[in-house]
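**Q** This is a predicted model, with the sequence first.
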Amino acid sequence: MSERVIPLVDERLASLVARVPQHAVAPTGLLTDTRGRPLRDLRISVTDRCNFRCNYCMPKEVFDKDYPYLPHSALLSFEEITRLARLFLAHGVRKIRLTGGEPLLRKNLEALVAQLAELRTVDNLAPDLTLTTNGSLLARKAKALKDAGLNRVTVSLDGLDDAVFRRMNDVDFPVADVLAGIEAAHAAGLSHIKVNMVVKRGTNDHEILPMARHFRGTGTTLRFIEYMDVGATNGWRMDEVLPSAELIKRLRAELPLVQLDPSSPGETAERWGYANAQGQHDPALGEVGVISSVTQAFCHDCNRARLSTEGKLYLCLFASQCYDLRTLLRGGASDEAIASAIAPIWQQRADRYSELRSSLPADTTQGGGRRVEMSYIGG
C-alpha cells in the first residue's frame, strides 16, 4: 500500500474575470452548455469554515488553528447571495442548495433562507431550497430554518458506531448529537430528509448494514457516496474506494432491494427501494441511494453550478478554475450586466472530469490544473 502524502496547499484557486459581453442578452431560462446540459442546480457555499475535521474533506494536518480562512469582508453578504441567486433562477435554476464548510456556522443563516424563499423560478414557482449540514447544530436550528422557508435538509453521517464516527470527524463529536439533529429536522416538518455516508474501504464500510437497518422505514433516505478524489489534501487512494456495485451486493444479501427510476433529470444518486415479500417496492420501508462518481460517471447530465463563499463560480466539483462574480457585484454592475456575464460562462462549459478520470494524471482536472477543495465549494 502506498504511503499517504497530504500536501499543505491553499484550497482556493486563482479566478478568471467574469466578462460582460458588449451586447447584453436577457435570460430566457433555457441556458445550456456545450454538451446540451441545462443549468438547473445552484450550490451556494456560505462559509469556508467547519467544526469537523473529516480526513476526506478537511484533514487536521492542513486545516489547523493557523489556517488562513477568509475574512468576513471577503464573504458575500446575504443580500449579494440573494441577488446572484435571482439571476441564476432567471437562467433556469430550480434548486438552490446551501453548503459550506458547515453552513450552520454562518450567523443568522435563517435570514438568508427567508430571502431566498421569496425568489421565484422562470415558471413562477418557489425554488427547491435545501441545505447540507454535518448535523452538529441542527437540533437547535431546524425549526428556525423550516419557519424561514427551508424545504429539505441533507445530513452527513459516516457511521453509527460512536468510536468510528468520532475518529472520522476527528474532533471527538458524538454520533448521538447528529441523530438528535435528524430527529429535530423531522419534528420541525422538513421533508425528504437525506443522510449521506461517505464510504471508505477499511475505515467505515462495516457500518453500511447497521446504517441501512437504522434508517430503513424511518422516512429518512440513506445515500452511500463513493470516496472521491476531490481537491489535493485528502490523500485519496483508489484502493480505499468501495464501488457502489459491491455495496449494493452487500445490502441485497440481507435486505431485498429493487431498482427505482431517477427522481429527476441530473439526479446524482442511483435509487434502490426496499422490497416487500412480493418483491415490490414498499414505500413505507423507504429507499437507499448510491452516488458513484468514481466508478460510474454521471457527467453526461450534470446540471450543477457552484458559488463559493467569496463569489467565485465553479462549474464542476473537480474544477481547476473559477470565475469572479464578486468584482461585478461590488463594482456597480447592473443585474443585466451580471446575468449577461454568467450566460457565456455556462454556454462554454465542457467539464466532464469523472468520465476522463482514468486517463488523467493524479490530482488534476481535464485542464491539467490543481482541483479546488470540496470544503471550499461544498459537495
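**A** Nice, I can see it.
**Q** helices or strands up against the longest strand seen in the chain?
**A** Taking residue count as the measure and DSSP state E as the definition, the longest strand of the chain comes out as strand 191-199. Under the contact criterion of 3 or more CB pairs under 8 Å, 6 or more residues apart in numbering; DSSP states H and E, the helices and strands touching strand 191-199 comprise strand 152-156, helix 175-188, helix 208-215, strand 221-226. Just so you know, the C-beta spots here come from the backbone N, C-alpha and C atoms, and that holds for glycine as well.
**Q** and the ones you listed as CSV, adding mean neighbour count, mean pLDDT and distance to Arg94?
**A** Compiled in CSV, the helices and strands packed on strand 191-199 are given as follows (neighbours: other CB atoms under 10 Å; pLDDT from 0 to 100; distance: least, CB to CB, whole Å):
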stretch, mean neighbour count, mean pLDDT, distance to Arg94
strand 152-156, 22, 97, 13
helix 175-188, 18, 98, 22
helix 208-215, 18, 98, 27
strand 221-226, 22, 95, 20
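**Q** Can you lay out these as TSV showing distance to Glu267?
**A** Compiled in TSV, the helices and strands packed on strand 191-199 are given as follows (distance: least, CB to CB, whole Å):
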stretch	distance to Glu267
strand 152-156	14
helix 175-188	21
helix 208-215	19
strand 221-226	11
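**Q** Spell out, range by range, the helices that occur in the stretch 201-350 of the chain.
**A** For the stretch 201-350 of the chain, the helices defined by DSSP state H, counting those that start in this stretch occupy 208-215, 244-252, 326-330, 335-347.
**Q** mind checking how far Glu110 is from Ala337?
**A** Taken as CB to CB, to the nearest Å, the spacing of Glu110 relative to Ala337 amounts to 31 Å.
**Q** related to what we said a few turns ago, how about the helices and strands packed on strand 191-199, which one is nearest Gly332?
**A** Distances from Gly332 to each of these were compared by CB to CB, and the smallest falls on strand 152-156, at 35.8 Å.
**Q** Now do that closest one and strand 221-226, the angle between them.
**A** Strand 152-156 and strand 221-226 are oriented at 50 degrees to each other (axes from the mean of the first three to the mean of the last three CA atoms, to 10 degrees).
**Q** helices or strands up against the helix or strand just after strand 152-156?
**A** For strand 152-156, the succeeding helix or strand toward the C-terminus, using DSSP states H and E, is helix 162-169. Using 3+ CB pairs under 8 Å, 6+ apart as the contact test, the elements touching helix 162-169 are helix 175-188.
**Q** can you list the residues that contact the helix it packs on?
**A** Outside helix 175-188, the residues that touch it by CB atoms under 8 Å, 6 or more residues apart in numbering are 133-140, 142-143, 145-146, 153, 155, 157, 159-162, 165-166, 193, 195, 219-220.
**Q** Quick one, which of the residues you listed are buried?
**A** Listed as buried from the contacts of helix 175-188 are 133-139, 142-143, 145-146, 153, 155, 157, 159-161, 165, 193, 195, 220; burial here means 16 or more other CB atoms under 10 Å.
**Q** ok, Asp162 touching Phe173?
**A** No - using CB atoms under 8 Å as the test, Asp162 is too far from Phe173 to be in contact (9.7 Å).
**Q** Keeping just the C-alphas, turn stretch 202-214 into PDB.
**A** The C-alpha trace of stretch 202-214 is given here as PDB (Å, rounded to 0.1, in the frame of the first residue of the first chain):
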ATOM      1  CA  GLY A 202     -11.300  -0.400   5.600                       C
ATOM      2  CA  THR A 203     -12.400   2.600   7.600                       C
ATOM      3  CA  ASN A 204     -16.200   2.600   7.900                       C
ATOM      4  CA  ASP A 205     -17.500   0.100   5.300                       C
ATOM      5  CA  HIS A 206     -18.500  -2.300   8.100                       C
ATOM      6  CA  GLU A 207     -21.100   0.400   9.100                       C
ATOM      7  CA  ILE A 208     -23.100   0.000   5.800                       C
ATOM      8  CA  LEU A 209     -25.600  -2.600   7.000                       C
ATOM      9  CA  PRO A 210     -26.100  -1.000  10.500                       C
ATOM     10  CA  MET A 211     -26.800   2.400   8.800                       C
ATOM     11  CA  ALA A 212     -29.300   0.700   6.400                       C
ATOM     12  CA  ARG A 213     -31.100  -1.100   9.200                       C
ATOM     13  CA  HIS A 214     -31.300   2.000  11.400                       C
END
